[in-house]
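J.: turn this into a model:
(2 chains)
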Amino acid sequence: MSQSSLLMMSDIVKKFSGVIALNGVNFNLERGEVVSLCGENGSGKSTLMKVLTGVHPHGSYEGQIIYKGEPLVSHSIRDSEAKGIAIIHQELTLVKELSILENIFLGAEITHYGVLDHSAMFKLTEELLNRVKLDVSPDTVIRELGVGQQQLVEIAKALSKNAEVLVLDEPSAPLTESETRVLLDIVKQLRSEGVSCVYISHKLTEVKEISDRICIIRDGEHIGTQDAERMSTDDIISMMVGRELKQLFPREEHPIGEVILKVGPVNAQLSKSANLKQVDNVSFSLHKGEILGVAGLVGSGRTELMQCLFGSYEGIYKCPVELDGKPIKIRHNRDALNHGIAMVPEDRKRHGIIPIMGVGQNITLAGLNMFSGLGQTVNESAEHASINQSIQRLKVKTASPELAIKSLSGGNQQKAILAKFLLLEPRILILDEPTRGIDVGAKYEIYKLMYQLVKQGISIIMVSSELPEVLGISDRVLVMHEGKLKGLLDNQDLSQEMVMDCALAEE
Amino acid sequence: MSSQETTITSTEAKGSLMSNLKKMKLQVLVMFGAIAVIMLFFYFATEGSYLTPRNISNLLRQTAITGILAIGMVFVIISAEIDLSVGSMMGLLGGAAAIMDVWWELPLPLTIILTLGAGFLLGLWNGWWVAYRKVPSFIVTLAGLLAFRGILIGITGGSTVAPTTADMGIIGQSYLPDMFSMITTVGALAVFFAWQGKLRKNRTEHKLTNSPVSGDIFKFGLIAIFALGTVLLLNDYRGVPTPVLLLVVLMFIAAFMAKKTAFGRRIYAIGGNLEASRLSGINVERTKLSVFAINGLLVGVAGLILASRLGAGSPSAGTVAELDAIAACVIGGTSLAGGVGTVFGAVMGAFIMASLDNGMSMMDVPTYWQSIIKGSILLLAVWMDVASKKRA
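T.: Next up is the predicted model:
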């Protein structure tokens, strides 16, 4: 630890109402360096970054931060930004209805006698967009950009404030592989320009590729910081988890039965006038006790296909479904649930949890009719019993079933949402990105649970952006690209390359 | 998972649970504190006449109408909607009841049934536009605010419909026999305590943490003393006013509906996260429709009490009552963002609003000052709530 470090955080202790979240963590960053911060969800890495960026103001934590040789005292994010420390959150904070230019200069508009100086801002924005290699007009409205491009705008915005330290909190979670590539290239370029980055991600291959050093935090303790070159992915995982993880995917043999569900041909488009079909003539079938992986880039129509099947697609669509050889009508998702088809949605926060409700009430929400009798009165005794059972079965870690679900970690929230739909005893379970933003340990538990379910004869459709995950646990892989079905592959000796080739093959 | 990690997450969670509890209690305490301060202030300002049995009786009767409106409103707000039409709707329904009573000379039971039916239908009307036609509730009920008032002025010809029959007076002006109130109160308290005891046992059985026994006994003791004391005080004047009985009964039914039925749970869920509720198979549209219909029904009750109290149907009756109802909910801790709120809080909020109205009227505060003070208190109450949340 040299004296010339750009940033030195030493012995940071942060407590939340007496509970220690960070216990004497040390972290330092040199100029023009990328350091990755790894740890399971709830390990304290976000807290550490909140301390750095002023979300937790000076005085609410113990320890010292030296930045450019001086103690850093910041009382808010603005303070930190003014000193050149910027954070890009996983949830983007751009105003969707405004243009790139307006977003970048939001709150810091260049004015001339009180009138916006559009041309000056336009020029600066162009330069910034050039730096992040985003080839669009500064006047483009954010809504028209993809998630990956929005992320780049966020970075441009941070650069506009002359950020010297850039914290990227799970930037690649919503990105496709090609978008992630672009992002990583930008980070590398920024490094060469002397900007230091703190990179937080669960995707260890990225971490390995991008980082100069890797800092690992577990349970609020600093476990170690080492040169990235000297660490293997397995090393990182075992340091994060505190034990050896034999394998990422707990593959288990399970019997596969007859076809129970036939879907298609599915066609879907957003509106009559939309000339782009989001799902184009896709058919597939599902066997009893099978895990069907659905692979494809973001925008390939895989989520839309599942929404059609579940009856929650907002747009015009046709989706003939045969269950047990008999055609069924699914007009909205209540019909699907009644037929034993449940879906755990992709976006946990928006579509999964009722944040302020208790964990228990979230779990019983979909199956509330099972506990309610005359006049819809809920039989609380039966409800409590069932909640306790679900919590035990899925190993949801919560202090009390009455704790608001928003205070749980992502993995535990996901387990509670799974519990909610398992309570309905579905025959077919659709999991859309079941492990997004979840740490390695919780992922493993969810995979275990999936195998447990298919052994009981439940069929699972799993949509995932992570190809290793799709290949690691599914029996068959359905490949989609631009709304079309590109292949239904048996998952035997499949490689990521084969799936990508299949997706991108010209007809 | 390693046991070490489990303990960390659980203690972390427990910390926030404790702070949640503290926060909840704090809010109730602040509300009771506010009531105590208001009472004491007016007691001294009016040289004691504020707390006479006669005035308490008046005060509670005044609370009844706003309280019943607030009960309906609180469900609307919990479901993350708003209803601006209740003042006009109450005026319209009260006017309709007066017309049925005075002009058509219908028997009281029929007037009641028709008025409640009309309230239910107007509620359905609002709810249908909101739930199925997806028009924002602010707009739908703003339209109602204008239109219902217009209909009222149209059907009454712009003049007061009076006088109502003696039968009509029963709803808003009669008092319950002393013995009846006493026995009912004791009975209701017994049922309530037995039920709470059962809930307690139930929670222990499923390993849920209970609040400490001593605290509960203290709380229930206070409730019993307060309830019986109020009844005794009212009996000292003319007895418990019928509208107050209606308010209390409706409050308990509504509180039960909110906390103990699947329907109530779904209202909170919809307000907490609409899309997640929909994807959990909840019929979001029907639930919203029902919430507005129930609100309409309660406005009907309030309209009947209003017409009976005034002894007339007035074209201007119920003006800005919707704002009182919304203010009552908000003072009672209901979040306009949806998903949070209690029936009991809303009724307490209504009581605070009525206490201020009543006290300031007794002090002969000019009406313009009354509006200014009520507005300031609403702002203050919500600011305190926001500020306390920020700190926590």
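J.: mind listing the strands in the stretch 401-507 of chain A by residue range?
T.: Ranges of strands in the stretch 401-507 of chain A, per DSSP state E, counting those that start in this stretch, are A:428-432, A:459-463, A:476-481, A:484-490.
J.: nearest to residue A:44, out of those?
T.: Closest to residue A:44 of these, according to C-beta to C-beta: strand A:428-432, at 28.5 Å. The C-beta positions use only the backbone N, C-alpha and C, and glycine is treated the same way.
J.: with just CA atoms, put the closest one into PDB.
T.: The C-alpha trace of strand A:428-432 is given here as PDB (Å, rounded to 0.1, in the frame of the first residue of the first chain):
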ATOM      1  CA  ILE A 428     -45.500 -26.100 -15.000                       C
ATOM      2  CA  LEU A 429     -43.200 -23.500 -13.600                       C
ATOM      3  CA  ILE A 430     -41.800 -20.700 -15.800                       C
ATOM      4  CA  LEU A 431     -38.700 -19.100 -14.300                       C
ATOM      5  CA  ASP A 432     -37.600 -15.900 -16.100                       C
END
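J.: so what's the gap between that strand and the chain middle?
T.: In terms of C-alpha atoms, centre = their mean, to the nearest Å, the centre of strand A:428-432 is found 17 Å from the chain centre.
J.: also compute the angle for that strand relative to strand A:459-463, please.
T.: Here strand A:428-432 runs at an angle of 10 degrees relative to strand A:459-463 (axes from the mean of the first three to the mean of the last three C-alpha atoms, to 10 degrees).
J.: do any residues in strand A:428-432 lie close to chain B?
T.: No - between strand A:428-432 and chain B, judged by C-beta under 8 Å from any C-beta of the partner chain, nothing touches; the nearest distance is 10.6 Å.
J.: that strand: which residues count as buried?
T.: A:428-432 (16 or more other C-beta atoms under 10 Å in any protein chain shown).
J.: and the stretch 151-300 of chain B, which residues reach chain A?
T.: Counting by C-beta under 8 Å from any C-beta, the stretch 151-300 of chain B sits next to chain A at B:199, B:202-203, B:205-209, B:260-263, B:265-266, B:268-269, B:272-273, B:275-283.
J.: what about those, which are in strands?
T.: Assigned to strands by DSSP state E, none of those qualify.
J.: now a PyMOL select for only the buried ones of these.
T.: This is how PyMOL selects the buried members of these, with burial counted by 16+ other C-beta under 10 Å:
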select buried, chain B and resi 202+203+206+208+260+261+262+263+265+266+268+269+272+273+276+277+278+279+280+281+282+283
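J.: hmm, which of the buried residues of strand A:428-432 is lowest in pLDDT?
T.: Note: of those, the lowest pLDDT belongs to residue A:432, at 91.
J.: how far away is it from residue A:309?
T.: Residue A:432 sits 11 Å away from residue A:309, going by C-beta to C-beta, to the nearest Å.
J.: coming back round to it: and the strands of the stretch 401-507 of chain A as a markdown table, adding distance to residue B:378?
T.: Below are these laid out as a markdown table (distance: least, C-beta to C-beta, whole Å):
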| stretch | distance to residue B:378 |
| --- | --- |
| strand A:428-432 | 44 |
| strand A:459-463 | 48 |
| strand A:476-481 | 54 |
| strand A:484-490 | 58 |
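J.: which one of the ones you listed lies nearest to residue A:255?
T.: Between the strands of the stretch 401-507 of chain A, strand A:459-463 lies closest to residue A:255; by C-beta to C-beta that is 12.1 Å.
J.: report all helices and strands that the closest one contacts.
T.: Here strand A:459-463 touches strand A:279-287, strand A:291-295, helix A:302-310, strand A:428-432, helix A:440-455, helix A:467-473, going by 3 or more C-beta pairs under 8 Å, 6 or more residues apart in numbering or on different chains; DSSP states H and E.
J.: to residue A:218, which of the ones you listed lies closest?
T.: Of all the helices and strands packed on strand A:459-463, it is helix A:440-455 that lies closest to residue A:218, at 10.7 Å by C-beta to C-beta.
J.: in the closest one, what's buried?
T.: Within helix A:440-455, judged by 16+ other C-beta under 10 Å, the buried ones are A:440-447, A:449-451, A:453-454.
J.: which of those come close to chain B?
T.: When C-beta under 8 Å from any C-beta is applied, the members of the buried residues of helix A:440-455 adjacent to chain B are A:441, A:445.
J.: domain ranges for the chain, per the record?
T.: Answering for chain A, as no chain was given. Domain segmentation of chain A under automatic domain parsing yields A:7-241, A:252-340+A:426-507, A:355-424.
J.: meant chain B, my bad for not saying
T.: If you go by automatic domain parsing, chain B breaks into B:53-174+B:258-368, B:176-240.
J.: any chance of JSON lines for those, columns distance to residue A:116 and mean pLDDT?
T.: Putting the domains of chain B into JSON lines (distance: least, C-beta to C-beta, whole Å; pLDDT from 0 to 100) gives the following:
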{"stretch": "domain B:53-174+B:258-368", "distance to residue A:116": "31", "mean pLDDT": "94"}
{"stretch": "domain B:176-240", "distance to residue A:116": "57", "mean pLDDT": "89"}
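J.: looking at these, which is buried most?
T.: Mean neighbours per residue, mean count of other C-beta atoms under 10 Å in any protein chain shown, is largest over the domains of chain B for domain B:53-174+B:258-368, with a mean of 22.
J.: got the end-to-end distance for that one?
T.: Using C-alpha to C-alpha, to the nearest Å, the end-to-end distance of domain B:53-174+B:258-368 comes out at 28 Å.
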